[in-house]
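# Could you work out the structure for the sequence below:
(one chain, ligands or ions: 2)
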Amino acid sequence: MPEKVLIYSRFPKAQMERFGERFELLNAAGKPPNEVFSAEQLADIRAMITAGGTPLRGEAMDLMPKLGAIVCYGTGYDGVDLAAAAKRGIAVGHSPGANAASVADIAVTLMLATTRRLLAADDYVRGGSWAAAKPSPMMRPQAGMLGRKIGVYGMGEIGRKIAARVAAFETEVGYFSRSKHDVPYQYFPTLDGLAEWCSVLMIAVRAGADTNHAVGADVLKKLGKDGYIVNISRGSVIDQPALIAALTDQTIAGAGLDVYAKEPHAPDALTALPNVVLSPHIGGHTLESHVAMQDCVLANLDAFFAGKPLPYKVPLG
Ligand SMILES: NC(=O)C1=CN([C@@H]2O[C@H](COP(=O)(O)OP(=O)(O)OC[C@H]3O[C@@H](n4cnc5c(N)ncnc54)[C@H](OP(=O)(O)O)[C@@H]3O)[C@@H](O)[C@H]2O)C=CC1
Ligand SMILES: O=C(O)C(=O)CO
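Ligands and ions are numbered 1, 2, ... in the order given. Down below sits the predicted model:
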């Protein structure tokens, strides 16, 4: 008999196919599991798959009295109440580094699209303004990448790949992280110091209680009127209303965002702005990163059902 695994978040069917070949899946698809399955069905569940950003509290864990493993599809685990899991003896696993290259690619895409006003340029051509020789502020030359100071906030799996990519554009790269790393970039001991120095701040720090709203009005002011924000981490790292205010009154020049405070919603005040480029949390969404995330999930589930420790346990899980 295949083991039963609960699917907690809403995932596209294709992403769960490989798991369905190995396990009997009970798909709650983002609904509270007890609204979809009976207490009897939930009583057998020993492992579940979730998206790390989906809130998962102790009460939901308690619906499955035999639950022993929470496995996150992706590197994030910010939604999981790790203390509640630890209290119940539940191991928490994730997919470290599995999508880092894809996320770094999106970060660089957002940086270039934002600083070079790619969406306005696209509109200019499609809308016929170029052929009609209509003047546009978009046609004013923008600062390029050559010699630009790029700040990377968080020098982890994704931060390292962002730094390597942007360094190839002949930029100067600096970073702030909890600790100094053995990397060829200038270390800043504070986020304020990094923001003051750089003109593009790439946010790749791990989201959690101690980085919640780390980028607020003060940091944005330090970044300044020629500065750009790129966020591929989580919306929680930025004080979103402060960001919208800074973009509106041009305290900063622009922002490229893949993540938001309350996904899947981007507020009108943000989508109405001309100086932002927005993507719908697709940083890790490439074929190869999905395969790598699935490999991590399967390795975690196989180990758990074999009575072994999870190979990709979260640092505090
Ligand atoms: N947009 C998307 O689709 C995706 C978003 N993400 C998100 O990106 C974030 C980063 O992921 P990843 O690179 O894999 O994570 P890692 O754990 O590999 O790296 C995180 C980095 O953040 C640093 N850090 C953690 N806490 C603090 C703090 N309080 N102050 C300063 N630095 C801190 C770490 O510090 P230190 O240098 O000391 O180790 C480390 O350098 C996660 O929040 C994840 O959820 C991930 C994948 C896809
Ligand atoms: O890996 C993660 O944390 C993600 O957000 C994947 O989309």
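# and the residue of this protein nearest ligand 1?
Nearest residue of the chain to ligand 1: Gly156, at 1.7 Å (C-beta to the nearest ligand atom). To be clear about C-beta, it is placed using only N, CA and C from the backbone, and glycine gets the same treatment.
# ok, now which ones touch that residue?
Neighbour list for Gly156: 177, 204-206 [criterion: C-beta atoms under 8 Å, 6 or more residues apart in numbering].
# Just give me the closest of the residues you listed to Leu119.
Of all those, the one sitting nearest Leu119 is Ala204; the distance, using C-beta to C-beta, is 22.9 Å.
# hang on, that closest one packs against Ile229?
No - here Ala204 lies out of contact with Ile229, judged by C-beta atoms under 8 Å, at a distance of 12.0 Å.
# Please state the backbone phi and psi of the closest residue in space to Ile7 that isn't next to it in sequence?
Spatially, and ignoring its direct neighbours in sequence, Ile7 is nearest to Asn27 (4.3 Å; C-beta to C-beta, 6 or more residues apart in numbering). Main-chain dihedrals, Asn27, degrees, to the nearest 10: phi -100, psi 110.
# Asn27: neighbouring residues, count only.
20 (other C-beta atoms under 10 Å).
# Then Leu26?
19.
# what about stretch 106-118 and ligand 1, touching?
No - using C-beta under 6 Å from any ligand atom, stretch 106-118 never reaches ligand 1; the gap is at least 6.9 Å.
# Give me the contact status of that stretch with ligand 2.
No - interface with ligand 2: stretch 106-118 contributes nothing (C-beta under 6 Å from any ligand atom), its closest point being 10.3 Å away.
# again with stretch 156-169
No - if you take C-beta under 6 Å from any ligand atom as the test, stretch 156-169 misses ligand 2, and the best it gets is 9.1 Å.
# how about that stretch: buried residues?
For stretch 156-169, the neighbour count (16 or more other C-beta atoms under 10 Å) marks 156-163, 165-167, 169 as buried.
# Mind checking which of the residues you listed are in helices?
157-163, 165-167 (DSSP state H).
# Go ahead and name everything in contact with stretch 277-294.
With C-beta under 8 Å, 6+ apart as the test, stretch 277-294 has contacts from 15, 18-19, 73-75, 95, 98-99, 101-103, 105-107, 110, 113-114, 118-119, 232, 254-260, 263-264, 266, 270-271.
# So what sits opposite Leu56 in the bridge?
Val80 (DSSP bridges).
# Now do the contacts for it.
So Leu56 contacts 8, 50, 70, 79-81 (C-beta under 8 Å, 6+ apart).
# Could you rerun that using 6 Å?
Going by C-beta atoms under 6 Å, 6 or more residues apart in numbering, Leu56 touches 50, 79-80.
# Next one, pLDDT for it please.
According to the predicted model, the pLDDT of Leu56 comes to 98.
# Could you check how far it is from Ala69?
Separation of Leu56 from Ala69 (C-beta to C-beta, to the nearest Å): 13 Å.
# And the residue of the chain closest to ligand 1, how far from Ala246?
Distance, Gly156 to Ala246, by C-beta to C-beta: 26 Å.
# For the stretch 151-300 of the chain, what lies in contact range of ligand 2?
281, 284.
# Strands along the stretch 151-300 of the chain, start to end?
For the stretch 151-300 of the chain, strands defined by DSSP state E, counting those that start in this stretch occupy the ranges 172-176, 186-187, 200-203, 228-231, 254-257, 276-278.
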